[in-house]
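A.B. asks: Here is my input; please provide its structure:
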Amino acid sequence: MKHKPTKKVFTIDLTGVRSAAKMHEAIAATLPLPEHYGRNLDAFYDVLTEYGCNWKITFRNAGAVARRLRTVCADAMAETPGLEIVFE
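C.D. replies: Residues are numbered from 1 along each chain as shown. Predicted coordinates for the structure are as follows:
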């Protein structure tokens, strides 16, 4: 029987975040991102599809920045088995 890898669980609280720059600051402060992370949604998608196969990310209070972020996350989950992203 194969052992299922343990999920790495991350919670990113976006309370009060109203700009893409602040959103990427919160993401970079929480996730183990490569130093060359470009701090834009294309770069975030690349990170999710390259590193996120055993990640569970919960975004809390995404409000103002949620629409495009949700789209990128949905696309990355469709391409990355084991990636789970939840918005609360």
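
A.B. asks: Can I get the helix ranked longest in the chain as PDB, trimmed to CA atoms?
C.D. replies: The longest helix of the chain (DSSP state H) is helix 66-79. Taking Å, rounded to 0.1, in the frame of the first residue of the first chain, the C-alpha atoms of helix 66-79 are listed here in PDB:
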ATOM      1  CA  ALA A  66     -10.700  37.600  -4.600                       C
ATOM      2  CA  ARG A  67     -12.100  37.600  -8.200                       C
ATOM      3  CA  ARG A  68      -8.800  37.300 -10.200                       C
ATOM      4  CA  LEU A  69      -7.200  35.300  -7.400                       C
ATOM      5  CA  ARG A  70     -10.000  32.700  -7.500                       C
ATOM      6  CA  THR A  71      -9.700  32.300 -11.200                       C
ATOM      7  CA  VAL A  72      -5.900  31.700 -11.000                       C
ATOM      8  CA  CYS A  73      -6.400  29.300  -8.200                       C
ATOM      9  CA  ALA A  74      -9.100  27.300 -10.000                       C
ATOM     10  CA  ASP A  75      -6.900  27.100 -13.100                       C
ATOM     11  CA  ALA A  76      -3.900  25.900 -11.000                       C
ATOM     12  CA  MET A  77      -6.000  23.300  -9.200                       C
ATOM     13  CA  ALA A  78      -7.200  21.900 -12.500                       C
ATOM     14  CA  GLU A  79      -3.600  21.500 -13.600                       C
END
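
A.B. asks: which stretches of the protein form helices?
C.D. replies: Under DSSP H, the chain gives helices at 20-30, 41-51, 66-79.

A.B. asks: Same list, these, but as TSV with distance to Val86, mean pLDDT and mean neighbour count please.
C.D. replies: Glycine gets a C-beta too; all of them are placed from N, C-alpha and C. Formatted as TSV, those follow (distance: least, CB to CB, whole Å; pLDDT from 0 to 100; neighbours: other CB atoms under 10 Å):
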stretch	distance to Val86	mean pLDDT	mean neighbour count
helix 20-30	14	96	16
helix 41-51	14	97	17
helix 66-79	9	96	15
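
A.B. asks: got a markdown table for those, with distance to Pro5 too?
C.D. replies: A markdown table is the format used below for the helices of the chain (distance: least, CB to CB, whole Å):
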| stretch | distance to Pro5 |
| --- | --- |
| helix 20-30 | 20 |
| helix 41-51 | 13 |
| helix 66-79 | 17 |
